[in-house]
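J.: Provided below are the primary sequence and the corresponding predicted coordinates.
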Amino acid sequence: MCLMVRHVSNNYQSWIDGGPPAKVPVLSVVDRSHATLAYWRTAVENLHEIRFQVPTSELPSEQVFAEMLSRLKTLTDQAKVAPWDQVDRDLVSMAICHFLIDDRLFQLKTERDEWMKQHPASTANASSSKEASAQWQSFVAAVQADAELLDKLPQGPERKTLEAALEFEQQRLDQFHEIESMQSVLQKRYPGLTFPLPEISQ
């Protein structure tokens, strides 16, 4: 399912590979389903809107993006320490992968901030969050329509940043579909539980 199960802690990975630690008592199906639902709410549902909702605010894009990342960091930090030892292994594995994607976004923001410090003329914040999102989606659509578009750009930091952002865009899309697939799997695996997600407008 998730293609990014790498660089995770030994404790996480050993449990994913071999099952719960031997000393953990075996729970009933009902107990496991409740533990899985609780983890879903913390590690998936609570993060879903901020991960995938396209901003429509008229506030400056830099302000909105910074606030979004701050909130995402708080929520992912909480999710990373949520109890997981009695949770469905497939859900834990997916969540860890998605935390890595979130960490990649934080890294991209750090790299972008460093670039903007070196190019202070580029720090003007004239566009709103809504306008910036529309411009980015137009660029993504243009690249999808012309696979050689990026090759036409000159080599340099700006092109490297765009390539990294496009790669992240694809990871986010894959992540969204993985969550939908996992929701369906868990609903079948634990009848009677819905594993809810907030509505996301595209």
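T.: Good, I have the coordinates.
J.: residues in contact with stretch 131-143?
T.: Here stretch 131-143 makes contact (C-beta atoms under 8 Å, 6 or more residues apart in numbering) with 54-56, 61, 127, 149-150, 162, 166, 169. All C-beta atoms are positioned from the backbone trio N, CA, C, and that covers glycine.
J.: for those, pick the one with the most neighbours.
T.: Highest neighbour count within the contacts of stretch 131-143, by other C-beta atoms under 10 Å: Ser61, with 20 neighbours.
J.: what is the neighbour count of the residue lying closest to that one once chain neighbours are set aside?
T.: Using C-beta to C-beta, 6 or more residues apart in numbering and skipping residues adjacent in sequence, the residue nearest Ser61 is Ala132, 3.7 Å away. Using other C-beta under 10 Å, Ala132 has 19 other residues around it.
J.: output the below-cut-off pLDDT ranges for the chain.
T.: Within the chain, the segments meeting pLDDT under 70 span 1-27, 57, 115-116, 119-126, 128-130, 136, 139, 150, 202.
J.: ok, back up a step: just flag the most distant two among the contacts of stretch 131-143.
T.: Farthest pair in the contacts of stretch 131-143 (C-beta to C-beta) is Thr56 and Leu150. Separation: 27.4 Å.
J.: returning to what we had before: which secondary structure state is assigned to the residue nearest to Ser61?
T.: Look at Ala132: counting by DSSP: H, G, I helix; E, B strand; the rest coil, its state is helix.
J.: helices and strands around the top helix by length along the chain, which ones?
T.: Taking DSSP state H as the criterion, the chain has its longest helix at helix 157-189. Packing partners of helix 157-189 (3 or more C-beta pairs under 8 Å, 6 or more residues apart in numbering; DSSP states H and E): helix 46-52, helix 89-118, helix 129-145.
J.: tabulate those helices (TSV), appending distance to Lys188.
T.: Formatted as TSV, the helices and strands packed on helix 157-189 follow (distance: least, C-beta to C-beta, whole Å):
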stretch	distance to Lys188
helix 46-52	20
helix 89-118	12
helix 129-145	33
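J.: among these, which comes closest to Glu158?
T.: Proximity of these to Glu158 was assessed by C-beta to C-beta; the nearest stretch is helix 89-118, lying at 8.1 Å.
J.: pull out the buried positions in that closest one.
T.: By 16 or more other C-beta atoms under 10 Å, the buried positions in helix 89-118 come out as 90-102, 104-105, 108.
J.: could you give the angle of it to helix 157-189?
T.: On the basis of axes from the mean of the first three to the mean of the last three C-alpha atoms, to 10 degrees, helix 89-118 is oriented at 160 degrees to helix 157-189.
J.: does anything pack onto helix 89-118? Which helices or strands?
T.: Using 3+ C-beta pairs under 8 Å, 6+ apart, helix 89-118 is in contact with helix 10-18, helix 29-40, helix 46-52, helix 61-80, helix 157-189.
J.: how many neighbours does the residue lying closest to Asn46 once chain neighbours are set aside have?
T.: Take Asn46 and drop its neighbours on the chain: the residue closest to it by C-beta to C-beta, 6+ apart is Leu75, 5.6 Å away. If you count neighbours by other C-beta under 10 Å, Leu75 ends up with 17.
J.: what sits against Leu75?
T.: Leu75 touches 46-47, 50, counting by C-beta under 8 Å, 6+ apart.
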